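*Asks:* Provided below are the primary sequence and the corresponding predicted coordinates.
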Amino acid sequence: WQTALASIKERTQMLLMLQPQGSDYEQKLNVVHLSLERYGQDLMPVLEQARKGLVSPSEAADEAETVRSAIHDADALLGATVMQAQSELEQGRMQIAEQALQMRIFIAIVALCAVLVMLPVTVISAKTIMHSLQMARDMAQRVAAGDLSQGLTPLTRDEVGQVVQSMGEMQSALRSLVAQ
């Protein structure tokens, strides 16, 4: 019993060191530790008297029964503390799950907004590029057919616009060559 009691007291002390100062758990664990100390101090003389034969086993059992309340108090307090810790842990889990859900919703909204912004920009960019390429193709077909009369002005200044401008310059150069 002494080994078991020492082990329980040691574990209670280790739990106590993990608690923040002034916390409810620290206070409860201090009470449990003190109850275990009192139990050990009150039971030791009774067991020593029984070991030496100074009291009969039934007298020792009766006296041990009177100090048993300390261990029952500690057990009840530990049980209540465990229940409180489990409840707080479950509340913490629920809060984390709720925050994770809110974060997922936020990320989904941000992604949707990004898509809603990027989709029109992409469509407009694609239409502009396609229109410039169609103009360049039409001009190339006209030049191939021998029509050098119409000029070509690029709609954009990007790479496609530069190609359209170069084709327009090429058409002007061909027009000058034909005119000579």
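*Replies:* Cool, got the structure. Computed from a predicted model, the values in this text were never measured in an experiment. Residues are numbered from 1 along each chain as shown.
*Asks:* the longest helix in this structure is where?
*Replies:* Secondary structure assigned by DSSP state H gives helix 57-144 as the longest helix of the chain.
*Asks:* which secondary structure elements does it contact?
*Replies:* helix 24-52, helix 159-179 (3 or more Cβ pairs under 8 Å, 6 or more residues apart in numbering; DSSP states H and E). C-beta: built from backbone N, CA, C; applies to glycine.
*Asks:* now those helices as TSV including mean pLDDT?
*Replies:* Putting the helices and strands packed on helix 57-144 into TSV (pLDDT from 0 to 100) gives the following:
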stretch	mean pLDDT
helix 24-52	87
helix 159-179	86
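*Asks:* and those, which is most packed in?
*Replies:* Per residue and on average, the most neighbours among the helices and strands packed on helix 57-144 fall to helix 24-52, with a mean of 16 (mean count of other Cβ atoms under 10 Å).
*Asks:* can you name every helix or strand that that one contacts?
*Replies:* Against helix 24-52 (3+ Cβ pairs under 8 Å, 6+ apart) you get helix 2-18, helix 57-144.
*Asks:* returning to that earlier point: and the angle from the longest helix of the chain to helix 24-52?
*Replies:* 150 degrees (axes from the mean of the first three to the mean of the last three Cα atoms, to 10 degrees).
*Asks:* off-centre distance for stretch 163-171?
*Replies:* Remark: stretch 163-171 is offset 56 Å from the chain centroid, using Cα atoms, centre = their mean, to the nearest Å.
*Asks:* least reliable of the helices and strands packed on helix 24-52 by average pLDDT, please.
*Replies:* Ranked by mean pLDDT, these end with helix 2-18 in last place, scoring a mean of 84.
*Asks:* got the buried residues for it?
*Replies:* Within helix 2-18, the residues that count as buried by 16 or more other Cβ atoms under 10 Å are 5, 8-9, 12, 15-16.
*Asks:* closest to L155 among those?
*Replies:* L15 (74.8 Å; Cβ to Cβ).
*Asks:* test my guess that that closest one contacts K28.
*Replies:* No - in terms of Cβ atoms under 8 Å, L15 does not count as a neighbour of K28; the distance is 9.9 Å.
*Asks:* in the protein, which residue is closest to the centre?
*Replies:* Nearest to the mean C-alpha position of the chain, by Cα atoms, centre = their mean, lies A100 at 6.5 Å.
*Asks:* how near is that one to A144?
*Replies:* Distance of A100 to A144, computed by Cβ to Cβ, to the nearest Å: 63 Å.
*Asks:* which ones are touching L152?
*Replies:* Taking Cβ atoms under 8 Å, 6 or more residues apart in numbering, we find L152 in contact with 135-136, 139, 164-165, 167-168, 171.
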